[in-house]
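Student: got a predicted structure here, sequence first:
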Amino acid sequence: MRVWTMLDIRFVRENAEVVKAAMKNRNAEVDVEAVLALDGRRREIIVEVDGLKAERNILSKSIGLMIREGGDPETVKAQVRGMGDKIAALDEEQREVDTTLRKALLYIPNLPSSTTPVGRDETDNPVVRSWGEKTTFDFEPQMHWDLGETLGLFDLERGAKIAGSGFPLFTGRGAKLERALIQFMLDLHTEEHGYTELAPPFMCNETAMTGTGQLPKFAEDMYSISLDGLYPIPTAEVPITNIYGNEILDQALPIKHAAYTPCFRREAGSAGKDTRGLQRVHQFDKVEMVKFTTPEASAEEHEKLTLDAERVLQRLGLHYRVIELCTGDLGFSAAKCYDIELWTAAQEKWLEVSSCSNFHDYQARRANIRYRNEEGKPTFVHTINGSGVALPRLVIAIMENNQNDDGSIELPEVLWPYMGGLKKLV
RNA sequence: GGAGAGAUGUCUGAGUGGUUUAAAGAGCACGCUUGGAAAGCGUGUGUGCGCUUAACGGUGUACCGAGGGUUCGAAUCCCUCUCUCUCCGCCA
């Protein structure tokens, strides 16, 4: 049985202290010693049971021979039957140990990259770079929830009526703006950045959700359709990464995919925080980029993917900054991560619109995605993904930064063709 | 939702309880042959988990859609499930 590993169990065995230190930097409580004990017992059992099976195979063959030659195999049969009982017992114990070990391993987060800054929480995240400048107003700027209502771009009350708070209903030109932004971003990534577009399922099964690391630990963050064992996706990362699950890829790397999907998040535990308007919602649109690379190329491909996301914001003329998450703030599956944040001049704060992560081989191990290295040996790929970008906060930034004193909103020039020539929301 | 057929290695495709140690063919790799190539001939050709080895390797075990079961022994028999195809029903 393949014990799913997020961390290479051999690596953990040989570098226990490194793993312990990494978990400490993450503020993650992980019992490495318990894992090592299970691993040790597992290997003991395998040595013993494989030896017994080898013996049994030889004896079983001799029984076949005896029968063919007219001998009486009953004595040997009885002997082998006894061995069978012992084998069954050991097999059973191994199954239990495997299950326990696998479960423990699934709850261990990835090791941060050696280049990830060590820090305790989000206050230790360094700013890597920024682009553009803060908008200034010579009038009192309005918030997007007021602008949107006045201009008829969305109707949050009616959205809440049919699905609940946090399920926005876009209307008229607001709905068209969503579609325009999606199309603009997909065109940019496919035509200029070399990504192949996908239109994946919007629901995934438990295996896929486990492959990318959402399950088992973050089940409460996900919606679930228990009757069918499905989960509405929290990000396109889940379906896209898992399409190559249990495969040995024979195509050239990197593989680069981009896709639009809606995203569904319960946002458990964040109730009431920054939820006004479109800031934090249960369903939102997003264009996602996913790459599969060799370990050698992953660091560079991660930087490039981040730049691909930034290009979206540059074309839209929006002021942003890139921060790097420190070890204490890093997501569960990520080894290294840049967040891109948009400035909104009305609320005067930064809004996260993209998270660009390098997972190293963590997801590839969980989902079993491999390629053949130069020696022809199956090797886990590295996976990288990032939003390119998420819509609601992007819409907020466009609305709040581009507003005029009469409450109208200037649309970025790159969107004009996608809005049927419309340049301004009045 | 109902009925039927099917799932074997990189591919095609044999295999209904014991030299299956998964036939055969194709493909691929290497070698021989050749001025070079083709043909021909020969050799090799998966994955996981262990043990062993400095390494190359060696060795054991498991894997014939998945998971259980029967048996001394399962690709083969039994049960459950998944997926694919065909027909019917329903439906955008």
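Tutor: All right, it came through fine.
Student: residue of the stretch 301-426 of chain A nearest RNA strand B, please.
Tutor: residue A:378 (4.3 Å; Cβ to the nearest atom of the strand). (Glycine included, C-beta is placed from N, CA and C.)
Student: burial measure for that residue, as a count.
Tutor: Close neighbours of residue A:378, defined as other Cβ atoms under 10 Å, add up to 11.
Student: okay but it is in contact with residue A:248, surely?
Tutor: Yes. Counting by Cβ atoms under 8 Å, residue A:378 does reach residue A:248; the two are 5.3 Å apart.
Student: what is in contact with those two at once?
Tutor: A:370, A:371, A:372 (Cβ atoms under 8 Å, 6 or more residues apart in numbering).
Student: can I get those in TSV including secondary structure, pLDDT and distance to RNA strand B?
Tutor: TSV is the format used below for the shared contacts of residue A:378 and residue A:248 (DSSP: H, G, I helix; E, B strand; the rest coil; pLDDT from 0 to 100; distance: Cβ to the nearest atom of the strand, whole Å):
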residue	secondary structure	pLDDT	distance to RNA strand B
A:370	strand	91	7
A:371	strand	91	11
A:372	strand	88	8
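Student: how is chain A partitioned into domains?
Tutor: A:9-106, A:122-425 (automatic domain parsing).
Student: what's the end-to-end length of the last one?
Tutor: Domain A:122-425 has its terminal residues 36 Å apart, counting by Cα to Cα, to the nearest Å.
Student: list the residues that contact residue A:174.
Tutor: A:148, A:151, A:152, A:153, A:154.
Student: what subset of the shared contacts of residue A:378 and residue A:248 is buried?
Tutor: Buried by 16 or more other Cβ atoms under 10 Å: A:370, A:371, out of the shared contacts of residue A:378 and residue A:248.
Student: okay, the shared contacts of residue A:378 and residue A:248 in TSV with distance to residue A:88 next?
Tutor: Compiled in TSV, the shared contacts of residue A:378 and residue A:248 are given as follows (distance: Cβ to Cβ, whole Å):
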residue	distance to residue A:88
A:370	33
A:371	38
A:372	38
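Student: quick one: low-confidence parts of the stretch 51-200 of chain A?
Tutor: Residues of the stretch 51-200 of chain A meeting the criterion pLDDT under 70: none.
Student: contact residues of it facing RNA strand B?
Tutor: The stretch 51-200 of chain A comes close to RNA strand B at residues A:51, A:53-54, A:56-61, A:63-64, A:67-68, A:73, A:77, A:80-81, A:84, A:95, as judged by Cβ under 7 Å from any atom of the strand.
Student: and these, which of them are buried?
Tutor: A:56, A:60, A:73, A:80.
Student: which one of those residues is nearest to residue A:309?
Tutor: The closest of these to residue A:309 turns out to be residue A:56 (Cβ to Cβ; 57.6 Å).
Student: how close does the nearest residue in space to the closest one that is not next to it in sequence get to residue A:226?
Tutor: Of all residues not flanking residue A:56 in the chain, residue A:83 sits nearest, at 5.3 Å (Cβ to Cβ, 6 or more residues apart in numbering). Note on residue A:83: its distance to residue A:226, by Cβ to Cβ, to the nearest Å, is 43 Å.
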